[in-house]
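J.: Okay, here's the prediction I keep looking at, along with the sequence it came from:
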Amino acid sequence: MPAYPAPHLLTFSQIGDASIGYLSVSETAVPPLPFAVQRVFWTYSTPDNILRGRHAHRATEHVLLAVAGRIVVTTESAAGELAIFRLESPHVGLYVPPHVWHTMQYSPGAVQLALASLPFAEEDYIRDYAEFTAFWQA
């Protein structure tokens, strides 16, 4: 199994100013995106009492961005290390490697943009928490 960095924040460029608006570019992320993007999707109109995610991936890496509103992301590594990240700025993203259980909770009006390293494949998902702990701790 390849080694992946732990979940961490990435900062994208923020070109412009408050009087004209901003533009952010993925090619200037610090640290750089750790993968070539093969899929892009977005989540919106999620009620704030809904906890989304609740899964891990066998191979897919993601960068999650709150392009509007606030998203609280909780991650858990296979070793049981918990981390909580608040995404509140469209120029800051969260890298989520494979093997990491993650959940997301959205503020009203939040829009999440996700950049993925692989196309969608249902077999890549681990949706059962007990299976996650058994699979990665075996």
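T.: Ah, there it is.

J.: C-alpha only now, for contacts and for neighbours.
T.: OK.

J.: tell me which element R52 falls in.
T.: strand 51-57 (DSSP states H and E).

J.: residues making contact with the following helix or strand past that strand?
T.: Once the chain leaves strand 51-57, the next helix or strand it forms, by DSSP H and E, is strand 62-68. By C-alpha atoms under 8 Å, 6 or more residues apart in numbering, the residues outside strand 62-68 that reach it are 87-97, 109-117.

J.: Can you select the buried ones among those residues for me in PyMOL?
T.: In PyMOL, this line selects whichever of the contacts of strand 62-68 come out buried by 16 or more other C-alpha atoms under 10 Å:
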select buried, resi 87+88+90+91+92+93+94+95+96+97+110+111+112+113+114+115+116+117
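
J.: Show me the contacts of strand 62-68 that map onto strands.
T.: Secondary structure assignment by DSSP state E places L87, V92, G93, L94, Y95, V96, V111, Q112, L113, A114, L115, A116 of those in strands.

J.: how many neighbours does A130 have?
T.: For A130, the neighbour count with other C-alpha atoms under 10 Å is 9.

J.: and if you look at R58?
T.: R58 has 17 neighbours, counted by other C-alpha under 10 Å.

J.: Ok, Y125 next?
T.: 17.

J.: Pretty sure A83 sits against L94.
T.: No - shown here, A83 and L94 do not form a contact pair, counting by C-alpha atoms under 8 Å, at 11.4 Å.

J.: quick one: contacts for T11?
T.: Listed by C-alpha under 8 Å, 6+ apart, the contact partners of T11 are A29, V30, P31, H91, V92, G93.

J.: Identify the bridge partners of the nearest residue to the third one once chain neighbours are set aside.
T.: Spelled out, it's P31. What sits nearest to P31 in space, not counting adjacent residues and going by C-alpha to C-alpha, 6 or more residues apart in numbering, is L10, at 5.9 Å. Beta-bridge partners for L10, by DSSP bridges, are G93.

J.: Contact partners for L10?
T.: So L10 contacts A29, V30, P31, P32, L33, V92, G93, L94, Y95 (C-alpha under 8 Å, 6+ apart).

J.: What does the pLDDT read for the closest residue in space to P32 that isn't next to it in sequence?
T.: Residue nearest to P32 in three dimensions, not counting chain neighbours: L10, with 7.6 Å by C-alpha to C-alpha, 6+ apart. You'll see L10 listed with a pLDDT of 95.
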